[in-house]
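K.L.:
Starting from these lines, generate the structure:
(one chain, ligands or ions: 3)
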Amino acid sequence: MKNIAILCSGGDVSGMNPALKQFVEYSLQNGLTPYFVYDGFEGLIDNKIEIATHKDAAGIINRGGTIIGSARSKRFMQKEFREVAKKNLDALSIDMLLVLGGDGSFRGMDIFYKEHGIKFCGIPSTIDNDINGTEYCLGVDTALNVIKDSIDNIRDTAASFSRAFVIETMGRNCGYLALVSALCSGAELCLIPEIEYDLKEYEKSFKEQIKSGRKYFIAVVSEGIKEESSEIAEWFEEKIGLESRVTILGHTQRGGNPTIYDRLMAYKFVNHAIDGLLGGRDESVICYTKKGFEYKSIDEIANKKYELDSELLGYLKKF
Ligand SMILES: Nc1ncnc2c1ncn2[C@@H]1O[C@H](COP(=O)(O)OP(=O)(O)OP(=O)(O)O)[C@@H](O)[C@H]1O
Ligand SMILES: O=P(O)(O)OC[C@H]1O[C@](O)(CO)[C@@H](O)[C@@H]1O
Ligand SMILES: [Mg+2]
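P.N.:
Ligands and ions are numbered 1, 2, ... in the order given. Here you go, the predicted structure:
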C-alpha cells in the first residue's frame with residue numbers, strides 16, 4: 001500500500017477540516033494509507049506524522065480552523081531542517097504530500113521537491129485570495145460571510161448614531177476581501193492596496209450626500225493601504241464632519257463554521273489533488289478557474305502577482 005500525507009501551512013482557513021475529512025476518505029478509497037502531519041512544516045521537522053483514520057476525521061466537518069494545526073516555520077526555510085523533514089518522511093515511506101496553504105507554502109514545497117523529490121499537490125487555502133492562477137482559494141467564502149455579517153451589524157449602529165465606520169479587513173497586500181465585501185455590503189468607500197487614492201477627491205461628494213440626507217458612512221478598507229484605519233476615521237471627523245469609529249475585524253475573519261461552498265470546494269480540491277498525484281503529476285497546484293479545475297506549475301502560481309478581477313474593480317464607486 002502506498003502512503004500519502006497532508007499538512008496545513010500558513011494562515012488557517014475554514015474549510016481545512018472538511019478537506020482533511022475528505023483526504024482520509026478518498027485516500028482510503030484509492031487504496032492509500034493517509035497520514036496527518038501536525039503543525040505544518042514544523043511537524044515535518046519534528047516528526048509529528050501519524051496515520052489518520054476515519055475516527056480522526058469524524059465530527060470535524062462543521063469546525064473552522066484545522067484539527068491538525070498550522071504554522072509558519074522559520075526552520076523549513078533552512079536546508080538542514082528540510083533534510084530532517086525528508087528523513088522523517090522516508091522513515092514512514094511517504095513520498096506524496098498534499099499541502100493546504102498559500103503562495104509561501106507552495107514556494108517552500110517547490111524547493112523541498114527540487115531537493116528531495118517529495119511529490120506534492122498544493123491546494124490554494126488562504127483567506128487573502130492572493131494566489132495567481134486560481135480564482136478561488138479555500139476559505140474565502142467563509143471569510144467573506146463573516147465580514148458580511150460584521151458589516152451588517154455595524155450598519156445598524158452606524159445608522160442609529162449617525163457615524164462613519166471604518167472597517168478594516170485582512171488580505172495582506174491583496175484587496176480582494178475588502179473589494180468584494182464593500183460591493184456586497186453597499187459601502188460608500190472602499191480602499192485597497194492595488195488602487196491609488198486621494199481622500200480629498202471624495203470630500204465634495206460626501207459633503208453633498210450629507211446635505212441630501214445621508215446620515216452615516218460605511219468605509220471598508222484593506223490592511224496594506226498607505227494609511228492606518230485611524231487616519232481614515234480622523235479624515236471623516238475633520239473633513240466630512242461625522243463622528244467616526246474604527247473596527248478592525250482581525251482574526252475573526254479566519255474562523256467560523258465553513259460555508260456550504262467551502263465544504264464542497266474542499267471535497268473537490270482534495271479529490272483533484274489526489275487524482276493528480278496518482279496520475280503522475282509530481283509537482284503542481286490544483287487551481288479553480290472559469291474553465292474548472294486545472295493543475296498549474298509552481299512557477300505560474302508563486303512567482304507572479306495575483307491581479308484583481310477587472311470587472312469587480314469596475315463596480316467600485318467613484319468619488
Ligand atoms: N522560500 C521558502 N523556502 C522554504 N520555505 C518557505 C519559503 N517561503 C515560505 N516557506 C514556508 O512556508 C510557510 C508559510 O508561508 P507564508 O507564511 O508566506 O504563508 P502562506 O502559505 O503564503 O499562507 P498565508 O499567506 O495565507 O498565511 C513559511 O512559514 C515557511 O515555513
Ligand atoms: O495570523 P497571523 O500570523 O497574525 O497573520 C495574519 C495574516 O495572515 C492572513 O490572515 C492570511 O495570510 C493575512 O490576511 C494576515 O495579514
Ligand atoms: Mg501568502
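
K.L.:
C-alpha only now, for contacts and for neighbours.
P.N.:
OK.

K.L.:
what's the burial count for residue 121?
P.N.:
Other residues near residue 121 come to 31 when the count uses other Cα atoms under 10 Å.

K.L.:
The helix or strand it falls within pairs with which strands, and in what direction?
P.N.:
Counting by DSSP states H and E, the element that carries residue 121 is strand 119-124. Note on strand 119-124: by DSSP bridges, its sheet partners are strand 94-101 (parallel), strand 283-289 (parallel).

K.L.:
and of those, who's closest to ligand 2?
P.N.:
Closest approach to ligand 2 among these (Cα to the nearest ligand atom): strand 94-101, 9.1 Å.

K.L.:
residue boundaries of the helices in this protein?
P.N.:
Under the criterion DSSP state H, the chain contains helices at 16-29, 40-45, 79-91, 103-116, 140-161, 176-185, 200-211, 229-235, 260-278, 298-302, 310-314.

K.L.:
Now do residue 182 against ligand 2, distance only.
P.N.:
As judged by Cα to the nearest ligand atom, to the nearest Å, residue 182 and ligand 2 stand 16 Å apart.

K.L.:
re the thing from before, relative to residue 150, tell me which of the strands paired with strand 119-124 wins on proximity.
P.N.:
Residue 150 sits nearest to strand 94-101 of all the strands paired with strand 119-124, at 25.4 Å, using Cα to Cα.

K.L.:
Please save the CA atoms from that closest one in CSV.
P.N.:
Listed in CSV are the C-alpha atoms of strand 94-101, where the atom choice follows Å, rounded to 0.1, in the frame of the first residue of the first chain:
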residue,chain,number,x,y,z
ILE,A,94,5.8,8.7,2.4
ASP,A,95,6.6,10.4,-0.9
MET,A,96,3.3,12.2,-1.7
LEU,A,97,2.1,15.2,0.2
LEU,A,98,-1.0,17.4,-0.1
VAL,A,99,-0.3,20.9,1.2
LEU,A,100,-3.2,23.2,2.2
GLY,A,101,-1.6,26.7,2.2
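
K.L.:
any idea of the angle it forms with helix 16-29?
P.N.:
160 degrees (axes from the mean of the first three to the mean of the last three Cα atoms, to 10 degrees).

K.L.:
Show me what strand 94-101 is in contact with.
P.N.:
Identification of contacts with strand 94-101 by Cα atoms under 8 Å, 6 or more residues apart in numbering yields 2-12, 16, 89, 105-106, 117-126, 273-274, 277.

K.L.:
Tell me which residue of the stretch 201-319 of the chain lies closest to ligand 1.
P.N.:
Residue nearest to ligand 1 within the stretch 201-319 of the chain: residue 302 (9.1 Å; Cα to the nearest ligand atom).

K.L.:
my read: that residue touches residue 104, true?
P.N.:
Yes: Residue 302 lies in contact with residue 104 (Cα atoms under 8 Å); the separation is 7.4 Å.

K.L.:
Those two: who's more crowded?
P.N.:
More crowded of residue 302 and residue 104, by other Cα under 10 Å: residue 302, with 22 against 14.

K.L.:
Which residue is the nearest non-sequential neighbour of that one?
P.N.:
Leaving aside its chain neighbours, residue 302 sits nearest to residue 103 (5.3 Å; criterion: Cα to Cα, 6 or more residues apart in numbering).

K.L.:
Same question for residue 86.
P.N.:
residue 116 (6.8 Å).

K.L.:
Neighbours of the closest residue to residue 290 other than its chain neighbours, how many?
P.N.:
Closest residue in space to residue 290, ignoring its immediate chain neighbours: residue 135 at 7.8 Å, by Cα to Cα, 6+ apart. When neighbours are defined as other Cα under 10 Å, residue 135 has 18 of them.

K.L.:
what's the answer for residue 83, then?
P.N.:
Residues lying near residue 83 (other Cα under 10 Å) number 16.

K.L.:
same question, residue 285
P.N.:
Residue 285, neighbours per other Cα under 10 Å, totals 30.

K.L.:
beta partners for the nearest residue to it once chain neighbours are set aside?
P.N.:
Once flanking residues are discounted, residue 285 sits nearest to residue 122: 4.3 Å by Cα to Cα, 6+ apart. On the basis of DSSP bridges, residue 122 is bridged to residue 99, residue 285.
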